[in-house]
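J.: Any chance you could fold what I've pasted below:
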Amino acid sequence: MIHLIVGPAAHGVTAYALQLADALGTVDIVREETFTEAPLPDGPIHVAFTDHLFGAGPDAAVETLLARVGERPLSVSFHDVPQPEEGAERFARRAAAYQRLAAAADVVGTNSEHEARFFDAPSSVIRLPIPQVHSEFDPEPGTVGVLGYLYPGKGHEYLIAALDGSGYRLRFLGAVSKGHEAWAEELARHAEITGWLSDDELAAEMGRIEIPVCAHRHFSASGSLMTWLGAGRTVLATDSDYTREIDAWLPGRITRVSGSWRDAVDAFQPEVLDPPRYGWADVATAWEDAWHSAGLE
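T.: Down below sits the predicted model:
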């Protein structure tokens, strides 16, 4: 299996691809910071796909990728799967491209059952790994924390509005995504933004948070949620198909919020549990099983 890995290492999808390749051991890798049209080696190709890493638009991304792969067998790990909530026009454009790529692939992998239901083509559900985060629990009273890159749609604004005047202190652990600097300046008037953190710094900052929150308005997979769970933390998270799915898989770790965030934060009782054991070795084995079932070795 040849792994075509595209994008900057700090990008979540690229990081997933790099970590999967590392977990698999000795694999052939074609590594590109920016997607090119250079010829690929012969053999099955695996890609971790999100459209903006592969082209100027979703149609162009899929068209160029399929042309480059040619007749080789293709395996795709799909990320940022389209959702209607992103807007009718954008959703229609991205949905058509993702469906076309899935139909052309020999193996389709998604991170959740919620995402799998989007595709017409059958897919293997291979959940995001839960990292083992060694975070000392030493919370500062009244702190509410959101983890990961900052960009619109993760619920930062809704938390600010819900907790305004409450006495809680909002801390956003992560860097601002490129292009959203002006938006983040407004957030910084109401919350602390740490900026980029190393793994050790992140673990320490997580331990300072009393109430971990995943307030995404619409999400179908979440590395941020997995990271909180990997620290053994119980989490407040928006009620959704995805969080109901994870709650059924790992009961007792998520408190789902469908009403008032202020009421949910007031009522939350933080706990630290033994973290779930599901890591990159499990993800790699699941991918190997999917390739074996499809005759791709």
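J.: C-alpha only now, for contacts and for neighbours.
T.: OK.
J.: which other residues reach stretch 7-16?
T.: Counting by C-alpha atoms under 8 Å, 6 or more residues apart in numbering, the neighbours of stretch 7-16 from elsewhere in the structure are 5, 6, 18, 32, 33, 34, 35, 48, 49, 50, 53, 79.
J.: again, only using 7 Å
T.: 5, 6, 32, 33, 34, 48, 53, 79 (C-alpha atoms under 7 Å, 6 or more residues apart in numbering).
J.: What are the boundaries of the helices in the stretch 1-150 of the chain?
T.: 12-24, 58-69, 88-104, 113-116 (DSSP state H, counting those that start in this stretch).
J.: Now do the strands in the chain.
T.: Using DSSP state E, the strands assigned to the chain run over residues 2-6, 28-32, 45-49, 74-78, 107-110, 124-125, 143-147, 169-173, 192-193, 211-214, 235-238, 254-257.
J.: Can you say which of the ones you listed is packed in most?
T.: Mean neighbours per residue, mean count of other C-alpha atoms under 10 Å, is largest over the strands of the chain for strand 211-214, with a mean of 26.
J.: which helices and strands does that one pack with?
T.: If contacts are counted by 3 or more C-alpha pairs under 7 Å, 6 or more residues apart in numbering; DSSP states H and E, strand 211-214 sits against strand 143-147, strand 235-238.
J.: For it, which outside residues touch it?
T.: Where contact means C-alpha under 7 Å, 6+ apart, the residues beyond strand 211-214 that reach it are 143, 144, 145, 146, 225, 235, 236, 237, 238, 270.
J.: Closest one of the residues you listed to residue 41?
T.: Within the contacts of strand 211-214, distances to residue 41 taken as C-alpha to C-alpha reach their minimum at residue 225, with 36.7 Å.
J.: ok, and the closest non-adjacent residue to that closest one?
T.: Leaving aside its chain neighbours, residue 225 sits nearest to residue 214 (6.5 Å; criterion: C-alpha to C-alpha, 6 or more residues apart in numbering).
J.: Could you do residue 6 as well?
T.: For residue 6, the nearest residue in space outside its immediate sequence neighbours is residue 32; the separation is 4.8 Å by C-alpha to C-alpha, 6+ apart.
J.: pLDDT score for that neighbour?
T.: What the model reports for residue 32 is a pLDDT of 97.
J.: So it sits against residue 18, correct?
T.: No: using C-alpha atoms under 7 Å, residue 32 is not in contact with residue 18, being 11.4 Å away.
J.: now, which of the contacts of strand 211-214 sits nearest residue 291?
T.: Proximity to residue 291 was ranked across these by C-alpha to C-alpha; first place goes to residue 225, at 27.5 Å.
J.: Look at that closest one and report its pLDDT.
T.: Confidence for residue 225, expressed as pLDDT, is 93.
J.: what do you get for residue 219?
T.: The predicted structure scores residue 219 at 65 on the pLDDT scale.
J.: rewinding a little: got the contact list for the residue nearest to residue 6?
T.: Listed by C-alpha under 7 Å, 6+ apart, the contact partners of residue 32 are 5, 6, 7.
J.: quick one: residue 64 and residue 116, what's the gap?
T.: Spatial separation of residue 64 from residue 116 under the definition C-alpha to C-alpha, to the nearest Å is 24 Å.
J.: More neighbours: which of these two?
T.: Each of residue 64 and residue 116 has its neighbours counted (other C-alpha atoms under 10 Å); residue 116 has more, 21 against 16.
J.: pretty sure that one is touching residue 123, no?
T.: Yes: between residue 116 and residue 123 a contact is recorded at 6.1 Å, counting by C-alpha under 7 Å.
J.: shared neighbours of those two, which are they?
T.: With contacts defined as C-alpha under 7 Å, 6+ apart, the residues shared by residue 116 and residue 123 are residue 110.
J.: about what we covered before: grab the two from the contacts of strand 211-214 that are most spread out in space.
T.: 143 and 238 (18.2 Å).
J.: for the stretch 151-297 of the chain, which spans come out with low pLDDT?
T.: Within the stretch 151-297 of the chain, the set of residues satisfying pLDDT under 70 comprises 218-220.
J.: now do 80
T.: Under the criterion of pLDDT under 80, the regions of the stretch 151-297 of the chain flagged as low confidence span 153, 217-221, 297.
J.: OK, contacts around residue 130?
T.: 226, 227, 229, 230, 278, 279.
J.: how close does the fifth one sit to residue 5?
T.: So that's residue 278. Distance from residue 278 to residue 5, counting by C-alpha to C-alpha: 23 Å.
J.: Buried ones in stretch 173-188, by neighbour count?
T.: By neighbour count with 16 or more other C-alpha atoms under 10 Å, stretch 173-188 contains the buried residues 173, 174, 175, 176, 184, 187.
J.: so the third one touches residue 146, yeah?
T.: It stands for residue 175. No: when contacts are counted by C-alpha under 7 Å, residue 175 is not listed as touching residue 146 (11.4 Å).
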